[in-house]
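*Asks:* Got a sequence here, can you build the structure:
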Amino acid sequence: MAITWRCTSCGTPYPDDGLPYRCPKCGGVFDRPDIPTFDPQAQPPDAPGIWRYRHTFALPENAPIVSLGEGRTPLVWDEAFGRRVAFKMEYVNPTGSHKDRGAALMASFLKARGVSEAVEDSSGNAGAAFAAYAARAGLHARIYTPAYASSVKRAQMAAYGAEVIAVDGPRSAAAEAARQDADRGVPYASHAFLPVGLDGYATIAYEIYEQIGAPGAVVAPVGHGGLLLGIARGFLALQRSGLIPRMPRIFGVQALACAPVWAVARGGREALGWVTDQVPTAAEGVRVRWPVWGDALLQLAEAHDGTFLVVEEEAILPARAALAQRGFFVEPTSALVWDALRQISNCAPDPIVAILTGSGFKAPQVSVTPSSNPGEAKR
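*Replies:* Residues are numbered from 1 along each chain as shown. Below you'll find the predicted structure:
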C-alpha cells in the first residue's frame, strides 16, 4: 500500500519525498483518508510482531520490516467494581509501552524515505520506543524531552544510543525545541504529528478481536489522542470488513490537571481557555495541552457514542496501587483507566477492555501505597 495521506485542512497529498511533519502549504495535519480493509487471510504466518497486519498499513511497498517482536500482548481478565474486565497488557511490549507499535512503523517509514537521522520530542515512552527502533533500523535519534520527565525513561533512551536533550518548562517546550531543529533541516519523526503510528495502534484492535471477538467497550488514556483514535479506527476496519457487528463504545480518560479533550467535549472550544499544562500530574504521559488528534477523536466519539472522562490527581496513585495488587504493575498514566472503570461501571456494555499502556518500571520513584481496603473494588 502506498502513502495516501492528505492534509486534513487543504487536501494536499503527502509528498513523494522528504519528511514534512505538517502540510507545507497550510500547516495542517496529514492523515490517511480511508479506513483499511482487514483480511484475516492476508496475514503471513511467519511475519514478526505486528507485521502480520501489514496489508492494513499505509506504508510504501519498499518499506522494510523493522521489528523487535512488538504486539501479541496478553489480554487478562479480572474483576473491577462489580464488572468483568479484560486488561490489555501493552506494557509488556519490548520497550515497556504501546508506543512500540507506532515506532516500528515509523522506523520503517524513515528507512523507506532514505533518512539516516531524525529528531523527536517525548515525555518518555514515545522517546524510548523511537530510540529503540531507530537503533534497530540503524538510524541516529535525537530526542528532546521535558526536564521533569522520568529519569528512568531518559536513561532508557540514552541506553539505545539516542542523543537525549532535557528541556526546562512544560511539555510544549520540548516539542518547540524539536520543531526548531526540524526548521533547520533535520527530519522530524514526530509520533504526534505523523499519522504513521495510528496504523500501529490499530493493531491493538485486531489483536483484541482475535482474542475475544467484538468488545462492547474500550477504555484508554488520552494524551495527543493517537492511541485511542488508532484503536477505534482498527475496530472500524473490522466492522467495515464484516467481522464485527458494531463499533465498541470508546471511553477516553485524561488527568484533570490537563484534560483538553474532555474540556472541549464537555464545554465546547471556549473551555480550552482554562486548560493548562503547567499543573504537575503523576500521569505525565497525558500532560498535553494541544492534542494533535483531539479534533479527529472528538468527531469519531460523536459519531460512535464515545465518552471522555477525567481523573482527579488524588485518585491516580491509589488506582496504580489497586492495579498492582491484581498483578498489573503500571505507570501512573496507565492507572487512569482504573478510576475510569469505576466511573463507567454502571453504563459500559460488555465485554469491557481496558488498555494498560506503560510499565511501572518506567516510574519506580512514584511510590505505591496500599489502599485501606484492597477488596473494595472487587465487591
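*Asks:* And the strands in the stretch 201-350 of the chain?
*Replies:* Secondary structure of the stretch 201-350 of the chain (DSSP state E, counting those that start in this stretch): strands at 217-221, 249-255, 307-311.
*Asks:* number of nearby residues for Arg136?
*Replies:* 16 (other CB atoms under 10 Å). Where you see a C-beta, it was placed from the backbone N, CA and C, and this is true even at glycine.
*Asks:* That one and Leu110 touch, don't they?
*Replies:* No: in this structure, Arg136 is not within contact of Leu110 by CB atoms under 8 Å, at 11.4 Å.
*Asks:* Of all residues in the chain, which one is nearest the centre?
*Replies:* Here the mean C-alpha position of the chain is nearest to the C-alpha of Leu227 (CA atoms, centre = their mean), at a distance of 3.2 Å.
*Asks:* mind listing what that residue touches?
*Replies:* When contacts are counted by CB atoms under 8 Å, 6 or more residues apart in numbering, Leu227 is found next to 98, 201, 220-221, 355, 357.
*Asks:* Throw the residues you listed into TSV and include neighbour count, distance to Ala155 and pLDDT, thanks.
*Replies:* Listed next are those as TSV, based on neighbours: other CB atoms under 10 Å; distance: CB to CB, whole Å; pLDDT from 0 to 100:
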residue	neighbour count	distance to Ala155	pLDDT
His98	35	20	98
Tyr201	26	26	98
Ala220	29	27	98
Pro221	28	23	98
Ile355	24	25	98
Thr357	28	20	97
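*Asks:* from the residues you listed, which is closest to Ala255?
*Replies:* Within these, the smallest distance to Ala255 is 8.5 Å, found for Pro221 (CB to CB).
*Asks:* and the helix or strand of the chain with the lowest mean pLDDT, what does it pack onto?
*Replies:* Least confident helix or strand of the chain, by mean pLDDT, DSSP states H and E, is helix 171-183 with a mean of 89. With contacts taken as 3 or more CB pairs under 8 Å, 6 or more residues apart in numbering; DSSP states H and E, helix 171-183 sits against strand 117-121, strand 140-146, strand 163-167.
*Asks:* Ser334 is nearest to which of these?
*Replies:* Closest among the helices and strands packed on helix 171-183, once you apply CB to CB, is strand 140-146, at 18.7 Å.
*Asks:* got the angle between that closest one and strand 163-167?
*Replies:* Going by axes from the mean of the first three to the mean of the last three CA atoms, to 10 degrees, strand 140-146 is angled at 20 degrees with respect to strand 163-167.
*Asks:* Run the angle between strand 140-146 and strand 117-121 for me.
*Replies:* Using the same axes, to 10 degrees, strand 140-146 lies at 10 degrees relative to strand 117-121.
*Asks:* partners of strand 140-146, with directions?
*Replies:* strand 117-121 (parallel), strand 163-167 (parallel) (DSSP bridges).
*Asks:* follow-up on the earlier one: name the surrounding residues that touch the least confident helix or strand of the chain.
*Replies:* With contact meaning CB under 8 Å, 6+ apart, helix 171-183 is reached by 21, 119-123, 142, 144-146, 165, 167, 188, 190, 192, 277, 287-290.
*Asks:* Can you show me the helices along this protein?
*Replies:* 99-112, 125-137, 151-159, 171-183, 196-212, 226-240, 260-267, 294-303, 313-324, 332-343 (DSSP state H).
*Asks:* Alpha carbons of the last one, as PDB, please.
*Replies:* The reference is to helix 332-343. Output of helix 332-343 as PDB, limited to C-alpha atoms (Å, rounded to 0.1, in the frame of the first residue of the first chain):
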ATOM      1  CA  PRO A 332       0.600   6.300  36.800                       C
ATOM      2  CA  THR A 333      -0.600   7.300  33.300                       C
ATOM      3  CA  SER A 334      -1.900   3.800  32.700                       C
ATOM      4  CA  ALA A 335      -3.600   3.800  36.000                       C
ATOM      5  CA  LEU A 336      -6.100   6.400  34.800                       C
ATOM      6  CA  VAL A 337      -8.100   3.600  33.400                       C
ATOM      7  CA  TRP A 338      -8.800   2.100  36.800                       C
ATOM      8  CA  ASP A 339     -10.800   5.100  38.000                       C
ATOM      9  CA  ALA A 340     -12.400   5.300  34.600                       C
ATOM     10  CA  LEU A 341     -13.700   1.800  35.100                       C
ATOM     11  CA  ARG A 342     -15.300   3.000  38.400                       C
ATOM     12  CA  GLN A 343     -17.000   5.800  36.600                       C
END
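*Asks:* mind listing what's buried in it?
*Replies:* 332-343 (16 or more other CB atoms under 10 Å).
*Asks:* do the shortest one as well
*Replies:* Residues 260-265 are the ones in helix 260-267 that count as buried (16+ other CB under 10 Å).
*Asks:* send the alpha carbons of that helix over as PDB?
*Replies:* Extracted in PDB, the C-alpha atoms of helix 260-267 (Å, rounded to 0.1, in the frame of the first residue of the first chain):
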ATOM      1  CA  PRO A 260      -8.300  19.400  26.900                       C
ATOM      2  CA  VAL A 261     -10.300  16.700  25.000                       C
ATOM      3  CA  TRP A 262     -12.600  16.200  28.000                       C
ATOM      4  CA  ALA A 263     -12.900  20.000  28.400                       C
ATOM      5  CA  VAL A 264     -14.000  20.500  24.700                       C
ATOM      6  CA  ALA A 265     -16.400  17.600  24.800                       C
ATOM      7  CA  ARG A 266     -17.900  19.000  28.000                       C
ATOM      8  CA  GLY A 267     -17.900  22.700  27.400                       C
END
